[in-house]
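*Asks:* just need the structure, nothing else, for what follows:
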Amino acid sequence: MPTILILEDEPFIAFDIETVLEGCGQRSFVTLSTGSGAISWLKENSPSAAIVDPRLSDGVCTAVARHLVGCDIPFILYSGETESASELEPAFAEGHLLMKPASPEQLVEAVETVLYGSDRRRKSGT
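*Replies:* Next up is the predicted model:
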C-alpha cells in the first residue's frame, strides 16, 4: 500500500484529510505539521505521494517542495490561497493544485491522480 505524507499545520484539516483517506481504504500515511519536521522525516523515508499545504507555522515549505520534485514524488498542493501557486517557488508548480476546502470526493480523486496518473482506474482496481 502506498504511503502518503500529509503536511498540514491546522489540526482539524489534517484530521479531515486522514478521515477521508481512511474512508477510501488508505491506511498508510504520516501527518506532520512543519516543513522542518517533513524534511527530517524525508531524509529517511520516501512516501508514494504527499498532500502539502505550502504555508505552515514555520514558514513556506519550499525545501519540502524541492525535495519532492527532486525525488520524483508526486504531490498535491493543498492551499486555500488562490495566488499561492503563482507566487511560490517554481517547484510548487509541479504539484497537483487542489483548493481548500475540497470535498472528500475531490481529495480522493486528486490522490488517485497523483498516485496513478491517468491510468488510476486499472491500478487501483476499480
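*Asks:* every contact and neighbour count from this point should use C-alpha atoms.
*Replies:* Fine.
*Asks:* where does pLDDT dip in the chain?
*Replies:* Within the chain, the segments meeting pLDDT under 70 span 82-87, 118-126.
*Asks:* make it 90
*Replies:* By pLDDT under 90, the weakly predicted segments of the chain are 1-2, 24-27, 80-93, 117-126.
*Asks:* tell me the SS of T31?
*Replies:* strand (DSSP: H, G, I helix; E, B strand; the rest coil).
*Asks:* on the three-state scheme, the closest residue to it other than its chain neighbours is what?
*Replies:* The shortest distance from T31 to any non-neighbouring residue, by CA to CA, 6 or more residues apart in numbering, is to I6 (4.6 Å). Three-state call for I6 (three-state DSSP): strand.
*Asks:* if I6 is in a bridge, with which residues?
*Replies:* I6 forms beta bridges with T31, I51, as assigned by DSSP bridges.
*Asks:* how near is it to L42?
*Replies:* Separation of I6 from L42 (CA to CA, to the nearest Å) stands at 12 Å.
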